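Student: quick one: sequence and predicted model below, then my questions.
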Amino acid sequence: QVQLVESGGGLVQAGGSLRLSCSASGRTFSTYAMGWFRQAPGKEREFVAALSMSGRLTNYADPVKGRFTISRDNAKNTMYLQMNSLKPEDTAVYYCAASRNSYGNSQSQYEYWGQGTQVTVSS
């Protein structure tokens, strides 16, 4: 089992940047594929990005391609989401998630979830 804690959210102006972190407990972090999802007010939670256990393979949702970068440091049990050129439509609660199976874009593939961190982008 793994416990996940997100941090790094906040308020930023459009065009700005933020880096989210997801810290994982336990010694098995490197055996999980990891992902980021987000949920805007009044909307369903949606896929943002994911990466493989090694971090060499990544998967991004179209709205964030070229602006967001997902990465991980297995030695530190931490995953990151670098968010650049932020837009008001990026405003959401961002969740990290862990999967034993795949770095896919379906929520059902992820067994463990963090509590989320709020990102607000002002126009």
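Tutor: Alright, I've got the coordinates. Just so it is clear, the model here is predicted, and its values are computed rather than measured. Residues are numbered from 1 along each chain as shown.
Student: now do the strands in this structure.
Tutor: 4-7, 10-13, 18-24, 33-39, 46-51, 58-60, 68-73, 78-83, 92-99, 112-113, 117-122 (DSSP state E).
Student: extract the C-alpha trace of the third one and format it as PDB.
Tutor: When you say that, I think you mean strand 18-24. What follows is strand 18-24, C-alpha atoms only, in PDB (Å, rounded to 0.1, in the frame of the first residue of the first chain):
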ATOM      1  CA  LEU A  18       3.700  26.200 -10.600                       C
ATOM      2  CA  ARG A  19       5.300  22.900  -9.700                       C
ATOM      3  CA  LEU A  20       3.200  20.300  -7.900                       C
ATOM      4  CA  SER A  21       4.800  17.500  -5.800                       C
ATOM      5  CA  CYS A  22       3.400  14.200  -4.800                       C
ATOM      6  CA  SER A  23       5.200  12.500  -1.900                       C
ATOM      7  CA  ALA A  24       4.700   8.800  -1.400                       C
END
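Student: buried residues in that strand?
Tutor: 18, 20-24 (16 or more other C-beta atoms under 10 Å). Bear in mind the C-beta positions are built from the backbone N, C-alpha and C, glycine included.
Student: what's the pLDDT at the residue lying closest to residue 64 once chain neighbours are set aside?
Tutor: Nearest residue to residue 64, sequence neighbours excluded (C-beta to C-beta, 6 or more residues apart in numbering): residue 48, at 5.8 Å. Per-residue pLDDT puts residue 48 at 98.
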